[in-house]
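Undergrad: mind looking at a prediction? Sequence and model below.
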Amino acid sequence: MYPSLNKFITELDQEISEERKVLLQVLIDYVQKRKDTAEPIKLNFICTHNSRRSHLCQVWAKTMAAYFGVRYIKSYSGGTDETAVYHKIAETLINQGFEIQKLGNGTNATYKLSFDSDSCPMTLFSKKYDDSYNPKQGYAAVMTCNDADQNCPIIFGEQRISLPFIDPKVSDGTERQAEVYAERSTQIASEMKYVFSQIK
């Protein structure tokens, strides 16, 4: 783990409400069950545009699994629509200790993100939840926004988990944008830290 990122994670102490812990327990139970049966743990974080929250969840879930030594985690993200990774997401994650390389300058650029120098980088780009890059079976669909949850009535994968977050997009174009994106990333990091700290 890169030193600055390790320091950020170690110092995370954001309090998690009991209400949120109830939602997170469903994810904890899923991960623990798959670990106990020695099956790959595939998590597909889904939001409407696959541009902000779902990517933050994908990154922090994989990172916290590595931090706590939870193996065989595969973390994905997708949307009900395909757009692009919003540039502020990459900036925020860089500020929190990740290394990110942008590949190409198209409307839907791909990013390679690393949390240490030894692991294979994560690939981030916007795509639909059923894109060929994502798993087709044996995974949990973690719905990270209410809109995606309401507009996707079918059940994805083997389990569907509702874990909505407020969209940092509400701050776009305001003086608080950087602060709000950092807050949302920190919240997601804290909750994923809690989830993987509970895995035995």
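TA: Good, I have the coordinates. Numbering: from 1, shown residues only.

Undergrad: distance of the residue nearest to the spatial centre of the chain relative to Ser77?
TA: By Cα atoms, centre = their mean, the chain has its centre lying nearest to Cys57, at 1.3 Å. Noted for Cys57: a distance of 7 Å to Ser77, by Cβ to Cβ, to the nearest Å. Where C-beta positions appear, they are placed from N, C-alpha and C, glycine not excepted.

Undergrad: overlap in contacts of the two?
TA: Phe45 (Cβ atoms under 8 Å, 6 or more residues apart in numbering).

Undergrad: the helix or strand harbouring Gln187 - contacts with which helices or strands?
TA: Element membership for Gln187 (DSSP states H and E) is helix 177-197. Applying 3 or more Cβ pairs under 8 Å, 6 or more residues apart in numbering; DSSP states H and E, one finds that helix 177-197 contacts helix 3-10, helix 18-36, helix 53-67, helix 87-95.

Undergrad: wait, which of these is closest to Lys127?
TA: Closest of the helices and strands packed on helix 177-197 to Lys127 is helix 53-67, at 10.1 Å (criterion: Cβ to Cβ).

Undergrad: wait, what's in contact with Glu158?
TA: With Cβ under 8 Å, 6+ apart, Glu158 has these contacts: Gln137, Gly138, Tyr139, Ala140.

Undergrad: kindly format the C-alpha coordinates of the helix holding Gln187 as PDB.
TA: Output in PDB follows, covering the C-alpha atoms of helix 177-197 (Å, rounded to 0.1, in the frame of the first residue of the first chain):
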ATOM      1  CA  GLN A 177     -17.100  20.800  -5.100                       C
ATOM      2  CA  ALA A 178     -13.700  19.500  -4.100                       C
ATOM      3  CA  GLU A 179     -14.800  19.300  -0.400                       C
ATOM      4  CA  VAL A 180     -18.000  17.400  -1.200                       C
ATOM      5  CA  TYR A 181     -16.300  14.900  -3.500                       C
ATOM      6  CA  ALA A 182     -13.700  14.300  -0.800                       C
ATOM      7  CA  GLU A 183     -16.400  13.900   1.800                       C
ATOM      8  CA  ARG A 184     -18.300  11.300  -0.300                       C
ATOM      9  CA  SER A 185     -15.100   9.400  -1.000                       C
ATOM     10  CA  THR A 186     -14.200   9.400   2.700                       C
ATOM     11  CA  GLN A 187     -17.600   8.200   3.600                       C
ATOM     12  CA  ILE A 188     -17.400   5.300   1.200                       C
ATOM     13  CA  ALA A 189     -13.900   4.500   2.300                       C
ATOM     14  CA  SER A 190     -15.000   4.500   5.900                       C
ATOM     15  CA  GLU A 191     -17.900   2.200   5.200                       C
ATOM     16  CA  MET A 192     -15.800  -0.200   3.100                       C
ATOM     17  CA  LYS A 193     -13.200  -0.200   5.900                       C
ATOM     18  CA  TYR A 194     -15.900  -1.200   8.300                       C
ATOM     19  CA  VAL A 195     -17.200  -4.000   6.000                       C
ATOM     20  CA  PHE A 196     -13.800  -5.600   5.500                       C
ATOM     21  CA  SER A 197     -12.700  -5.200   9.100                       C
END
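
Undergrad: brilliant, that's me finished.
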